[in-house]
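In: sequence first, predicted coordinates after that:
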Amino acid sequence: MQRPARLLAAWLLSLLATAALAQEQAPTVLSGTLAKVRTSGTIAIGHREASVPFSYLNARKEPIGYSIELCRALVTAIEDTVNKSLTIQWVPVTSDSRIDAVVNGQVDLECGSTTSNIERQKRVAFSPTMFVSGTKVLVKKGSPIQSFRDLAGKKVAVTAGTTNEKTLRDLSQKFKLNIDLKVARDHAESFALVKDGQADAFATDDVLLYGLIARDAAKAQYEVVGDFLSYDPYAVMYRKDDAQLNKVVIDTFQVLAEDGEIHRQYKRWFMRKLPSGESLNLPMSAQLETIIQTMAVKAE
């Protein structure tokens, strides 16, 4: 090869190497939610007001709970990704409003007690499972209701927009129970219907029922009865088809599982005394233990 040709070849190789290095070092162009929060400097978190111990208000009316702490870890990971500190904007949501709030961009992460299922996945995305629950029934002690078949002809409170509402409607229709459903705005209102005698029972996820009982002054008057009527894996909800945010969420949960942080937060909120003094004393289920162990394995 003649010298000019060799020089040209060397120059081209150098140019290609420089271009490749620049491409590797170039910052990823942000899109979707990450671009939105980077520009605004804020991230909107949807929270619940009475989903103990996942997402509820403390005495100072501040959002606290198991889901809230996991979402704070997500916010930290998002800040690292966008290279900017973010201010959290707390947005209260209900069971009925939470999905629309995510879809419409009112909130960026929904941190409550939301079940991930196939029907909802058509509209929104979900993090890996952070808790496993199921529908059970709360009644006053001494009630003749001990299973779902005893609900025939009874007034049963459910919270609007929950999977529990659908579960009870389906059960009533399938077994011809003629259940009179009383649909309330949130879990606190549903519980109040039982306390005031306007409903014979309240059907929702068992862990939420235990949380409501634990915080009530008359806790000895209530109990949770019957078998599970549904399977409900909880997860953090966010907008669908947002590849960058989805990667941050998946990667963060893997780190939280591997590091043991999910276990630590679980013990804090389910095994120890809550800020208000009560304790659920609810050991981690074998199902959730297996889910977290699997989550901790880093994908190749």
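Out: Everything's here; your move.
In: could you check what's spatially nearest to Leu30, not counting adjacent residues?
Out: Arg38 (5.5 Å; CB to CB, 6 or more residues apart in numbering). Heads up, the C-betas are built off the backbone N, CA and C, glycines and all.
In: from the contact counts, what lies against whichever strand or helix holds that neighbour?
Out: Assessed by DSSP states H and E, Arg38 sits inside helix 32-40. If you count contacts as 3 or more CB pairs under 8 Å, 6 or more residues apart in numbering; DSSP states H and E, helix 32-40 packs onto helix 66-82, strand 237-239, helix 243-259.
In: CA atoms only for the helix or strand following that helix, dumped as CSV, please.
Out: The helix or strand immediately downstream of helix 32-40 is strand 42-47, counting by DSSP H and E. The C-alpha trace of strand 42-47 is given here as CSV (Å, rounded to 0.1, in the frame of the first residue of the first chain):
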residue,chain,number,x,y,z
THR,A,42,-40.7,17.5,40.0
ILE,A,43,-42.1,14.0,40.1
ALA,A,44,-45.8,13.4,41.0
ILE,A,45,-46.5,10.5,43.3
GLY,A,46,-50.0,9.2,43.7
HIS,A,47,-50.7,8.1,47.3
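In: any idea of the angle strand 42-47 forms with helix 66-82?
Out: Comparing the axes of strand 42-47 and helix 66-82 via axes from the mean of the first three to the mean of the last three CA atoms, to 10 degrees yields an angle of 160 degrees.
In: any idea of the mean pLDDT in strand 42-47?
Out: When pLDDT is averaged along strand 42-47, the result is 98.
In: for the helix or strand following it, which strands pair with it and how are they oriented?
Out: Where DSSP H and E defines the elements, the next helix or strand beyond strand 42-47 is strand 50-51. Strand 50-51 pairs in its sheet with strand 55-57 (antiparallel), by DSSP bridges.
In: got the contact list for the helix or strand immediately after the strand it pairs with in the chain?
Out: Where DSSP H and E defines the elements, the next helix or strand beyond strand 55-57 is strand 63-64. Residues from elsewhere that reach strand 63-64, judged by CB atoms under 8 Å, 6 or more residues apart in numbering: Ile45, His47, Ser55, Tyr56, Leu57, Asn58, Trp90, Cys111, Pro275.
In: alright, that wraps it up for me.
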